[in-house]
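Student: What would the 3D arrangement of this be:
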Amino acid sequence: MHDFPEAPTPAFLFDLDGTLIDSVYQHVVAWRQALSGMGIDLSVWRIHRRIGMSGGLFVSALLRETGLKLTREQIDELQTHHADAYEQQVHSVKPLPGATELLGELTARGVPWAICTSGYARTARLALGMLDLPEDTPMVTRDLVRRAKPDPDLFLAGAALVRVDPAHAMVVGDSVWDLLAARRAGALGIGLLSGGYGRDELERAGAFRVYADPADMLDRLDELGVRQSD
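Tutor: This next block holds a predicted model:
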């Protein structure tokens, strides 16, 4: 009888906005408000397509579309204005269906997980209370890594935080930027439709499974190798 090594327990690295909390459109409005405050008029749909990227890349991509140039100081100011505008709307942000239950179920089954977000701690940590999570919840924010999505740094740091090999982790995200970063980190990608991207877009970016929202994923955990005995 062969003594084969035991398969590792799967681990999950979650994006935050549009994946665990229903905040994508609040961020879109906050970015539009911040941009308008600096005299930059952009359509909402153009902003939405960039949500999930690091703030710096986000601004660079949008400015490229307008042909405008901003200094590093102005880009930093723009990101501060975005955070201010988002905080004014945070009261309207709610957990996505099944998000709290999904994280609770993974914890109950002993499955490691962390939250990895391109948002800065100032706004991202507001989500912990919404999700009924303690302050010491494993979370990697933009402040803690050199580069955010679509670079893999956030997910590599998240895997290290919960002490798993990225190759044994699954990244759960709602945008193509999450899935590109997952591929670069060497992790499997799971797409959620709750951020506004379509199934085809998520699959083309590398999602091997796509679910409607966290509740749908919770109902199908067996498809991801999460067993009751885990």
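Student: Now do the same contact list for the closest residue to residue 208 other than its chain neighbours.
Tutor: Excluding its sequence neighbours, the residue lying closest to residue 208 (C-beta to C-beta, 6 or more residues apart in numbering) is residue 188, at 5.7 Å. (Each C-beta comes from the backbone N, C-alpha and C, glycine too.) Remark: with contacts taken as C-beta atoms under 8 Å, 6 or more residues apart in numbering, residue 188 is in contact with 169-171, 182, 208.
Student: give me that answer again for 10 Å
Tutor: For residue 188, the contact set (C-beta atoms under 10 Å, 6 or more residues apart in numbering) comprises 10, 12, 166-172, 179, 182, 206-209, 224-225.
Student: do residue 14 as well
Tutor: Residues counted as contacts of residue 14 (C-beta under 10 Å, 6+ apart) are 20, 99, 102-103, 106, 113-117, 138-139, 158, 170-173, 178, 190, 192, 214.
Student: what's it sitting at in phi/psi?
Tutor: phi -100, psi 130 (degrees, to the nearest 10).
Student: how far away is it from residue 206?
Tutor: 16 Å (C-beta to C-beta, to the nearest Å).
Student: One more: residue 37?
Tutor: 36 Å.
Student: Who has more neighbours out of the two?
Tutor: Just comparing residue 37 and residue 206: by other C-beta atoms under 10 Å the higher neighbour count belongs to residue 206, 20 against 14.
Student: can I assume that one is in contact with residue 180?
Tutor: Yes - assessed by C-beta atoms under 10 Å, residue 206 is found in contact with residue 180 at 7.0 Å.
Student: joint contacts of these two?
Tutor: Contacts common to residue 206 and residue 180, judged by C-beta under 10 Å, 6+ apart, are residue 189.
Student: now residue 170, nearest residue through space, not along the chain?
Tutor: Nearest non-adjacent residue to residue 170, counting by C-beta to C-beta, 6+ apart: residue 188, 4.6 Å away.
Student: Leaving out chain neighbours, which residue sits closest to residue 15?
Tutor: The spatial neighbour of residue 15 that comes closest, neighbours along the chain excluded (C-beta to C-beta, 6+ apart), is residue 173 at 3.8 Å.
Student: Identify the residues contacting the one you found.
Tutor: Per C-beta under 10 Å, 6+ apart, neighbours of residue 173: 13-19, 52, 116-117, 149, 155, 179-182, 189-192, 195, 197, 202, 205, 207.
Student: in this structure, which spans are strands?
Tutor: For the chain, the strands defined by DSSP state E cover 11-14, 113-116, 139-140, 169-173, 188-192, 207-211.
Student: Format the ones you listed as CSV; extra columns: mean pLDDT and distance to residue 61.
Tutor: Listed next are the strands of the chain as CSV, based on pLDDT from 0 to 100; distance: least, C-beta to C-beta, whole Å:
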stretch, mean pLDDT, distance to residue 61
strand 11-14, 97, 24
strand 113-116, 98, 21
strand 139-140, 97, 22
strand 169-173, 97, 18
strand 188-192, 97, 21
strand 207-211, 97, 22
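Student: Show me where the protein dips below the pLDDT cut-off.
Tutor: Within the chain, the segments meeting pLDDT under 70 span 1-8, 54-56, 228-230.
Student: domains of it?
Tutor: According to automatic domain parsing, the chain comprises the domains 11-22+94-224, 24-92.
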